[in-house]
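Trainee: The sequence isn't on hand, but the structure is:
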């Protein structure tokens, strides 16, 4: 069985940054396994710009951002397996890979999970009506248009105002399709403000909040959808039903971390993040198995994925070198106004500052983000406004952390 | 070319009848109106091998069900169609329903059903711990099972084709004429087929087919059944097929594992106006949601991965209609095959052969008949070592296309080459499970399109979801 010090599963932004960081931390025997024929993951189909502003200080397209990291991988002696789909990972870090070369088995000292996420499908939404052609998840349509060069339809409705849906509203418009509406079930958009401005407002595409697709019509190809407003319990209000003829329906209704392999390794999945629970090194509860990027929790910006992957890469390298010796673990919990916080566990004796990442439960105005241990505040920050679509971050200083016992809580406090 | 027999309808009945008749020296064809076989009721039903306690004694349904169970198990094995004898339980929730359980048990005895037993609720929960605490008694039917209905249909048609039957797709009957005692059957596209005998296995369209032949002796009542299919994470929730007692409110709904490891709940049972309009309704979803929780309260319906509607062909008398038409000579109707039609399909096919024989058709044994079909699922059932060896010989099996179901390029290409070859996205999906998992084709869709275009030698713009008018993309940028 081939041996690697670190195996990184997934060669998207998370996997590439993790592999590079681990290599630069001094562990050289690394393999990256990717199921596609090239590195980059979903970035390869994100041909719009807006990537890298935080991390690289310049504005790049998705493929450009991916290429920067692919270059860094190539410059190091990191083994990359292409079209290599991992079919199993054990807690003992035996990785089974299906590739054109055969069914390969590798033994690793540490594994970094970086499989990314998938889009929620129509089936999971229970939309009424028929099952014609012309219904795509936004990312599938994006791949067909941007990578394969095929147009999916002429007249579209988009359900869900997640970022991919917003980006695709603009993309379809640029390719000459008419986007009739973007419908959002919630009373607020799940996407970044900049995308609402640049992708909808600039193209006069209406965004209907508290609105859903109630019914799908058409036998062969989609012929139209019935949209309707929903009440406070998200139930369709019959009297608001309205028919829109269209041949395409794109769904941008949420991303789900792809944790099937995580479960294979016996790692429990958090109901809050749909990913593993990790510590400040992004190590899961199975020693030597780390996770980062969208497989851990869905990020808003790829820049933060890269940051997180570097933490995981350094963590995995330290694990391989036997340098992860902190052992005073306390848990971190989201409270009032915060939907989840990550990492969920922190070693108080880790000896460095630890940043906490979180998503708020609902949009707010000016609030104070407060990190406490019991009643004592150990970090706080003022936010002029927050939204569930944007990740928030706050850093706890090493000295504050060292003194902690009990449970760290994070909450929002209203400000006058 | 004059066919001895033309079979109308490529569903499980048409497919099994075709396979049965290829055992004899007959020239055969199947006329299917869709772009693939198994597109009607055979695509969307509960997939249950019914024990046989339910039909009224002495009906065709009772006879065919009782005969059919073991015949189906044997045939599925020959065709490499996964079938599992998981047993079923009919649950009573009240003293009144306890009586129904007892009645069903006694009816089962009259129908000669083996291995039945009545259990108390507690006894049932010992065997099936996730059953509701409200369940008072249970009819336990151990000979019952589960099978994938479209897999079975595809295998039956494929095996019939391997043994010489010809399949016509997109052949919707427009006109049937009799000339010199021969059927001249013309499709909506203008294709004509000539045959001595016409066997009407057209499901929900069987009354229309009979009418085209001048037989208006029955009318099909299409009944819609809505289902929810759950992720494999729910597949272990129960091991038996869990029924509810039929009552004034309806027949209840079932909760069952599938042979593929998912969990299936449904169906509703409303009459639908148009059997082609297979729509899901909010009322249906709500009903299935509520009633599945009644039997198995721990079912997590947030793990639904898809919902679908099947349309069954019923008739007012409630029994199968199998026999020669009294209005049209040499027309054999096999109609109104609703539940337990899937269970009975092999028995029905044998019965049809017997009817032909009794009508004077010469049935001489086809010595080259091979009832075994090559296993299309061979790769996925291999051990890791076997897979490794196989991929080294066939590298296309090393490329995973559908990550959710672990389907390789080799398996998809096989489905596009093997009888009856898949011709569209849904056809690939039914044969390989590609696109049937939790992402529902989001990731693999574009790659599957590419493979279909390559194998069929067509442009991607011509690739369809399920035949004419269902194009996936409208053109190049």
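Mentor: Looks like it arrived, so ask away. All of these numbers come straight from a predicted model, not from anything done at the bench.

Trainee: CA only for contacts and neighbour counts going forward, please
Mentor: Will do.

Trainee: okay, now residue A:409: neighbour count?
Mentor: 21 (other C-alpha atoms under 10 Å in any protein chain shown).

Trainee: which residues does it bridge with?
Mentor: residue A:333, residue A:372 (DSSP bridges).

Trainee: residue contacts, it?
Mentor: Residues counted as contacts of residue A:409 (C-alpha atoms under 8 Å, 6 or more residues apart in numbering or on different chains) are A:332, A:333, A:334, A:335, A:371, A:372, A:373, A:374.

Trainee: The closest residue to residue A:136 other than its chain neighbours in helix, strand or coil?
Mentor: Leaving aside its chain neighbours, residue A:136 sits nearest to residue A:250 (5.0 Å; criterion: C-alpha to C-alpha, 6 or more residues apart in numbering or on different chains). Applying DSSP: H, G, I helix; E, B strand; the rest coil to residue A:250 yields a three-state assignment of strand.

Trainee: what's the spacing between residue A:250 and chain B?
Mentor: For residue A:250, the distance to chain B equals 11 Å [C-alpha to the nearest C-alpha, to the nearest Å].

Trainee: Likewise for residue A:169?
Mentor: Distance from residue A:169 to chain B, counting by C-alpha to the nearest C-alpha: 16 Å.

Trainee: Now the helix or strand containing that residue: buried residues?
Mentor: For residue A:169, the host element (DSSP states H and E) is helix A:163-174. Buried residues in helix A:163-174, counting neighbours by 16 or more other C-alpha atoms under 10 Å in any protein chain shown, are found at A:163, A:164, A:165, A:166, A:167, A:168, A:169, A:170, A:171, A:172, A:173.

Trainee: I'd assumed residue A:199 was in contact with the fifth one.
Mentor: By that I understand residue A:167. Yes - in terms of C-alpha atoms under 8 Å, residue A:167 counts as a neighbour of residue A:199; the distance is 5.9 Å.

Trainee: Let me know how buried residue A:240 is, in neighbour terms.
Mentor: For residue A:240, the neighbour count with other C-alpha under 10 Å is 12.

Trainee: got the contact list for it?
Mentor: Applying C-alpha under 8 Å, 6+ apart, we find residue A:240 in contact with A:228, A:229.

Trainee: distance of it from chain B?
Mentor: Computed as C-alpha to the nearest C-alpha, the residue A:240 to chain B distance reads 16 Å.

Trainee: What are the phi and psi values at that residue?
Mentor: In terms of degrees, to the nearest 10, the main-chain angles of residue A:240 are phi -100, psi 0.

Trainee: pLDDT score for it?
Mentor: pLDDT, residue A:240: 98.

Trainee: How about residue B:249?
Mentor: In this model, residue B:249 carries a pLDDT of 68.

Trainee: do the same with residue B:55
Mentor: Residue B:55 is assigned a pLDDT of 95 by the prediction.

Trainee: Correct me if wrong: it contacts residue B:61.
Mentor: Yes - using C-alpha under 8 Å, residue B:55 is in contact with residue B:61, at 5.9 Å.

Trainee: Look at the two and report which has more neighbours.
Mentor: The neighbour comparison of residue B:55 against residue B:61 (other C-alpha under 10 Å) goes to residue B:61, with 27 against 22.

Trainee: Doesn't that one belong to a strand?
Mentor: No - applying three-state DSSP, one finds residue B:61 to be helix, outside a strand.

Trainee: residues near the residue in chain B that chain A sits nearest to, how many?
Mentor: In chain B, the residue that lies nearest chain A is residue B:306 (3.7 Å; C-alpha to the nearest C-alpha). If you count neighbours by other C-alpha under 10 Å, residue B:306 ends up with 23.

Trainee: ok, residue B:91 - how many residues close by?
Mentor: 30.

Trainee: I'd assumed residue B:135 was in contact with it.
Mentor: Yes - counting by C-alpha under 8 Å, residue B:91 touches residue B:135, with 6.2 Å between them.

Trainee: Which of the three states applies to residue A:232?
Mentor: Secondary structure state of residue A:232, per three-state DSSP, is coil.

Trainee: And the contacts of residue A:409, which of them are buried?
Mentor: A:332, A:333, A:334, A:335, A:371, A:372, A:373.

Trainee: Go ahead and confirm the second one touches residue A:343.
Mentor: No - under the contact definition of C-alpha under 8 Å, residue A:333 does not touch residue A:343, with a separation of 9.2 Å.

Trainee: and for residue B:91 and residue B:135, which residues touch both?
Mentor: residue B:295.

Trainee: Check which helices and strands the lowest-mean-pLDDT helix or strand in chain B is in contact with.
Mentor: One helix or strand of chain B scores below all others by mean pLDDT, DSSP states H and E: strand B:270-271, with a mean of 79. Contacts defined by 3 or more C-alpha pairs under 8 Å, 6 or more residues apart in numbering or on different chains; DSSP states H and E place strand B:270-271 against strand B:221-230.

Trainee: contact partners of the strand it packs on?
Mentor: With contact meaning C-alpha under 8 Å, 6+ apart, strand B:221-230 is reached by B:45, B:204, B:262-275, B:278, B:280, B:284-285, B:288, B:301, B:303-316.

Trainee: same check, this time on stretch B:121-131
Mentor: B:133-138, B:237-240, B:295-298.

Trainee: can you do 10 Å?
Mentor: Contacts with stretch B:121-131, where a contact means C-alpha atoms under 10 Å, 6 or more residues apart in numbering or on different chains, come from B:89, B:91-93, B:118-120, B:132-140, B:236-240, B:242, B:293-299.

Trainee: Find out how far that stretch is from the centre of the chain, if you would.
Mentor: Its chain's C-alpha centre and that of stretch B:121-131 lie 30 Å apart, by C-alpha atoms, centre = their mean, to the nearest Å.

Trainee: still on that earlier bit, give me the lowest-pLDDT entry from the contacts of residue A:409.
Mentor: Within the contacts of residue A:409, residue A:374 has the lowest pLDDT, namely 89.

Trainee: if I read this right, it contacts residue A:407, doesn't it?
Mentor: Yes - with contacts counted by C-alpha atoms under 10 Å, residue A:374 reaches residue A:407, the gap being 7.2 Å.

Trainee: In contact with residue 399, which residues?
Mentor: Just so you know, I chose chain A. Residue A:399 sits next to A:348, A:349, A:351, A:352, A:353, A:378 when contact means C-alpha under 10 Å, 6+ apart.

Trainee: You answered for a different chain; I wanted chain B.
Mentor: A:35-36, A:82-85, A:98-102, B:391, B:406-411.

Trainee: could you pull out the strands for the stretch 101-250 of chain B?
Mentor: Using DSSP state E, counting those that start in this stretch, the strands assigned to the stretch 101-250 of chain B run over residues B:116-120, B:137-141, B:145-147, B:166-168, B:173-179, B:182-187, B:192-200, B:221-230, B:241-244.
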